[in-house]
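Engineer: Sharing a model prediction with you, sequence too.
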Amino acid sequence: MQLMKSNVELASDSIVDRVYEQLKAMAVSYEFKPGERLNEGELAKRLGVSRTPLREALNRLNTEGFLRFTPGKGFFCRELDAHEIFDLYELRKSIEVASVRLAVKRAKDEDIDALLKFLEATGPDPGERSSVELVELDETFHERLMAMSNNAEMLRVLRNVNARIRFVRWIDMDRVNRSNTQAEHRAVVEGLKARNEEACVSVLEKHIDRRLDRITSAIKEGYAQIYMPAAKSAAN
């Protein structure tokens with residue numbers, strides 16, 4: 001029988017969760033520089049917490065691939081590594097293809113129609129939306145699509161992958177034709193509505209594929225964005 005947690009334990013969990021979310025946002029956006037060693041004392045002071053919840057959050061982020069830990073040295077921001085990002089795209093493609101095969105068999109018609117309405121509401125035109133907003137809409141679409149597989153573990157993995165490639169996607173989004181992207185999204189959902197597994201898979205595989213050279217190019221631009229503010233500050 002599972003014991004109820006005390007108020008103190010619940011409060012402690014809440015602090016860890018808050019610190020985890022704050023640190024995760026900083027890691028995803030590379031507020032920490034690639035390869036930078038994290039100063040736990042400064043972070044604890046900045047976030048207004050003790051070392052214990054901070055260390056719990058850091059360990060969790062290390063386990064999830066957002067940070068690196070070296071025994072005797074501490075926690076480090078992960079590098080912007082083209083091969084790692086490429087591997088994550090391959091992982092994303094494999095689980096999305098597997099999940100859409102399940103969704104063809106399991107998705108409810110009303111959920112499919114709701115996703116089509118989502119595409120209509122968000123439209124093919126980026127409008128005044130930022131890259132951050134466009135990536136968020138794209139992630140929402142793919143997560144709602146995967147949710148129709150009724151496989152919570154696949155969805156958990158996708159959310160982890162999405163967060164770990166998000167920085168590169170913010171850059172890549174500026175190079176993407178949203179009209180084409182939305183047309184591909186619609187083709188996948190219409191294939192799902194028709195229960196046409198191969199049509200869904202064919203479009204989805206091409207839609208998610210990223211070549212290594214394209215990822216490398218986005219990462220170079222990413223490094224420029226990360227270090228440019230520091231260079232400007234030094235110049236001033």
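Structural biologist: Perfect, I can see it now.

Engineer: which residues does L61 contact?
Structural biologist: 20, 23-24, 27, 67 (C-beta atoms under 8 Å, 6 or more residues apart in numbering). Using the backbone N, CA and C atoms, a C-beta is placed for each residue, glycine as well.

Engineer: what residue ranges in this protein score low on pLDDT?
Structural biologist: Applying pLDDT under 70 to the chain flags residues 1-12, 229-236.

Engineer: Could you pull out the helices in it for me?
Structural biologist: 7-28, 40-47, 51-63, 82-106, 109-122, 131-147, 152-172, 178-193, 197-208, 212-235 (DSSP state H).

Engineer: what comes up buried for the shortest one?
Structural biologist: Taking 16 or more other C-beta atoms under 10 Å as the neighbour-count basis, helix 40-47 is seen to contain the buried residues 43-44, 47.

Engineer: Please report how far the nearest residue to N162 once chain neighbours are set aside lies from E36.
Structural biologist: Using C-beta to C-beta, 6 or more residues apart in numbering and skipping residues adjacent in sequence, the residue nearest N162 is E139, 5.0 Å away. Distance, E139 to E36, by C-beta to C-beta, to the nearest Å: 26 Å.

Engineer: can you check V157 too?
Structural biologist: Distance, V157 to E36, by C-beta to C-beta: 27 Å.

Engineer: do E205 as well
Structural biologist: For E205, the distance to E36 - C-beta to C-beta - is 36 Å.

Engineer: mind checking how far stretch 120-140 is from the chain centre?
Structural biologist: For stretch 120-140, the separation from the chain centroid amounts to 15 Å (computed by C-alpha atoms, centre = their mean, to the nearest Å).

Engineer: how about S29, what does it touch?
Structural biologist: F167 are the contacts of S29 under C-beta under 8 Å, 6+ apart.

Engineer: List of residues touching stretch 146-163?
Structural biologist: Counting by C-beta under 8 Å, 6+ apart, residues outside stretch 146-163 touching it are 24, 28, 64-66, 88, 91-92, 95-96, 98-100, 102-103, 106-108, 111-112, 115, 139, 142-143, 192.

Engineer: Thank you, goodbye.
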